[in-house]
Each structure stands twice: as C-alpha cells, then as structure tokens.
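Engineer: pasting a predicted model and its sequence here:
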Amino acid sequence: MRSIQASSRHKGFRAPARLLRSLFVLLDEFERWQIPAGELSIVFLGDAEMIQLHADFLDDPTPTDVITFPGDDEDNGAGESFAGEICVCIDQARREAPKHGSDMASEVLLYLVHGWLHLAGHDDLSEGPRAAMRLAERETLDYLEKAGFIKDWCAKMPLK
C-alpha cells in the first residue's frame, strides 16, 4: 500500500486523511491506468500559492485548478520512491463548481482524479490528448461511482 502525505495550506480546509487514503487505494486498484509506485503527495492550496506555482513552473501567472509534478524512482530514505505530487486549488474549485452544475466536493474529486491521470501518463495540452483525458476522467469517476465511493466522498468532504 502506498504512502500518502496530504497537507492543506488553504485557510480553513482540511481533507479527511482516511477519505483521501480510500480514494487512492481505489485508484491504485483501478487496472485501467496506473501511476508509478511510491509515496504520493497531495497539497490543497489557495489562489495566491497556486498562481505562484503556475507562474514559477509553467510560466503562466493565472489561476488554475490542479498542477501535477511527476515523481522519481529514487528511494526516499524510507524504502519507497516518490510517485509525484498533486496540487489542488480549493478557491478554483469554489468558483468552477457552480459553472459545471456541481458541488465543491465533486469538483475537488475531479481535480484529484485529473492529477492522478497526469501521473498515469495522460496529457491535456492539445486537443487530441485533452479529449482522451476527459474520457479517462469520466471512466475513472464512473469506476469510483460503481464502487460507492463518490456518495461517501460528497457526504464527508468538508466543502461548502
């Protein structure tokens, strides 16, 4: 079972660790796509930090929903490699959820799935890969729905 390190630098938001662990256990069991072995880092941010990350690493100083950093195969000193990091912007989820007819918990879940799919090798920088990414998101969310996870996620995620 992979190690998951989660932190929130968004004022007032804390994701339940057990819920995040359950999500990534299910995603790791999903045979359709796999991310590299190793520790996974999840960070929840506000606008200012996400905009700074976006500017520093992607040369784009605008708000964005999720940024994913791939890991490496090096041992982290605890006998485990680093699979990568998924950074999620809670403020962006708050703005975008109503535009999608969604709630914040579902929007954050979409961002986590999107980041996980990036670690699994999906890209969304051009039209063809973007369409494949959207299809993968739908298939993955359908898998989570069939597993009964989404109802539990939405009930327990502290997002309004």
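Structural biologist: Thanks, I have it.
Engineer: so for residue 14, what's the pLDDT?
Structural biologist: With respect to pLDDT, residue 14 has a value of 84.
Engineer: residue 84 touches residue 42, doesn't it?
Structural biologist: No. Taking Cβ atoms under 8 Å as the definition, residue 84 is not a contact partner of residue 42, at 10.0 Å. Every residue, glycine included, has its C-beta placed from N, CA and C.
Engineer: in a strand, that's where residue 71 is, yeah?
Structural biologist: Yes. For residue 71, which was evaluated using DSSP: H, G, I helix; E, B strand; the rest coil, the result is membership in a strand.
Engineer: list the contacts for it?
Structural biologist: Under the criterion of Cβ atoms under 8 Å, 6 or more residues apart in numbering, the neighbours of residue 71 are 36, 38, 39, 81, 82, 83, 84, 85, 119.
Engineer: among these, which one sits closest to residue 14?
Structural biologist: Minimum separation from residue 14 among the contacts of residue 71 (Cβ to Cβ) is found for residue 85, which lies at 18.0 Å.
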